[in-house]
Each structure stands twice: as C-alpha cells, then as structure tokens.
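1. show me how the following folds:
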Amino acid sequence: MSRIGKKIILLSPGTNFSLDQNKVVVSGPLGEIVLTVPEGLEIKKEENQISIVNHSDEEKTAMMHGTFRQTLFNAIQGVTQGWKKELEVKGTGFKAQLEAENLILNVGFCHPVKVPPPDKIKYEVKENKITIIGPDKVKVGLLADKIRKIYPPDSYKGKGIRYFGEKIVLKPGKAAKVGAVGGVGGGAK
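-> Predicted coordinates:
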C-alpha cells in the first residue's frame with residue numbers, strides 16, 4: 001500500500017470532476033485535463049473528497065497507486081491555480097520577446113527562433129525573463145526544457161537560456177591556467 005496513494009484529495013471550489021469508466025475528466029477555470037485510470041485502481045468521490053483504492057496485489061499496480069494519485073492531484077491544482085516555470089535569457093544581445101502569442105528568441109543565431117505555445121499554454125515576457133503558464137504540469141515542464149535546449153548556458157561565460165535561479169558553475173578560461181605565459185592568448189617567450 002502506498003503512503004501517498006492513501007492520501008485523500010480535496011476538490012477546490014470551481015473544479016468539476018467526472019468519472020467515466022476508466023477516464024477521469026478534471027476541469028476548472030484554466031482548462032480541462034483527461035487522465036486514464038490504471039488497471040487495478042478504483043476512484044471514489046464523496047462530496048468534495050476523492051480517494052484512490054488499490055484492489056490488486058500486483059507490484060506494478062502498487063507502484064502506480066501513489067503515482068496516479070499525485071498525477072490526479074497535480075491535474076486538479078493545475079486547472080484551478082495553474083503551473084508555471086520561469087527561464088531567463090543571459091548574454092550580450094540575447095533577448096526574448098512576444099509576437100502575438102509566439103515566443104521569439106534572439107540568442108546568437110543568424111535568425112530569430114520562434115516557439116509557438118502548445119494548446120492551453122501561454123507565455124509572459126518581462127525584460128529577459130520568460131514565464132510559461134499552463135494547467136498541465138508535465139507540458140509546462142517539457143516546454144521549459146525544450147526552450148532551454150535551444151541555447152543551454154555556456155560553461156565559460158554563462159550566456160544562454162537557464163531556469164530562473166539556476167546556478168551555473170563556470171570553468172576557468174585558458175588564460176587562467178597555472179603557468180600561462182604572456183596573459184591573454186598565451187604565447188611563447
């Protein structure tokens with residue numbers, strides 16, 4: 001029996017929850033999320049409380065018990081409050097901006113990179129800080145990772161796209177090596 005799976009989920013006001021065979025539909029002010037209930041699990045709803053019961057003795061079902069409970073909790077929280085990830089763009093000449101609902105990144109390539117938002121997800125840009133907002137925690141996280149991979153932080157100067165507050169350990173350059181002769185660029189005596 002899973003400790004997390006046994007916890008009861010409280011429905012927020014304004015959240016609609018419906019169960020149809022093995023599908024769960026959670027809707028709220030920010031959107032709708034449909035989840036498939038794994039085999040061996042049963043969902044019980046009493047007023048504004050949801051509990052998940054494991055009827056199987058299989059190890060796989062026991063593992064899915066806590067995972068599905070947390071996924072359902074994240075869906076309920078997502079359609080009411082939403083999830084967000086923040087990224088920052090650092091570097092000389094690097095900038096992020098919105099064009100209609102698309103994110104436009106100027107990050108050192110010969111062309112601007114256009115990132116259209118997936119369904120139900122929106123961007124906010126202030127200076128060089130990008131905020132991704134949406135009801136689905138997984139989609140928001142995957143989109144943030146996709147944007148970060150466009151130009152990951154450089155390990156020498158730190159320029160690039162990083163998560164807000166992410167610490168980048170910078171490597172010392174060639175000139176900082178012990179025994180370097182002549183300063184920048186090195187060279188022979």
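2. only C-alpha atoms from now on, for both contacts and neighbour counts.
-> Fine.
3. pull the CA atoms of the helix or strand harbouring residue 66 into CSV?
-> Here residue 66, judged by DSSP states H and E, is contained in helix 59-80. The C-alpha trace of helix 59-80 is given here as CSV (Å, rounded to 0.1, in the frame of the first residue of the first chain):
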residue,chain,number,x,y,z
GLU,A,59,3.6,-4.9,-7.6
LYS,A,60,3.1,-2.8,-10.7
THR,A,61,-0.4,-1.6,-9.5
ALA,A,62,1.0,-0.8,-6.1
MET,A,63,3.7,1.4,-7.7
MET,A,64,1.1,3.2,-9.9
HIS,A,65,-1.2,3.9,-6.9
GLY,A,66,0.9,6.7,-5.5
THR,A,67,2.0,7.9,-8.9
PHE,A,68,-1.6,8.2,-10.2
ARG,A,69,-2.8,9.9,-7.0
GLN,A,70,-0.1,12.6,-7.4
THR,A,71,-0.8,13.0,-11.1
LEU,A,72,-4.5,13.5,-10.3
PHE,A,73,-3.7,16.0,-7.6
ASN,A,74,-1.4,17.9,-10.0
ALA,A,75,-4.2,18.0,-12.6
ILE,A,76,-6.7,19.4,-10.0
GLN,A,77,-4.3,22.0,-8.9
GLY,A,78,-3.4,22.8,-12.5
VAL,A,79,-6.9,23.6,-13.7
THR,A,80,-7.6,25.9,-10.6
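4. buried sites along it?
-> Buried positions in helix 59-80, judged by neighbour count with 16 or more other CA atoms under 10 Å: 61-62, 64-66, 68-70, 72-80.
5. and what of stretch 112-132?
-> The neighbour-count check on stretch 112-132 (16+ other CA under 10 Å) flags 113, 115, 121-123, 125, 128-132 as buried.
6. ends of that stretch, what's the gap?
-> Start-to-end span of stretch 112-132 (CA to CA, to the nearest Å) is 19 Å.
7. next one: it to chain centre, how far?
-> Stretch 112-132 sits 13 Å away from the centroid of its parent chain (CA atoms, centre = their mean, to the nearest Å).
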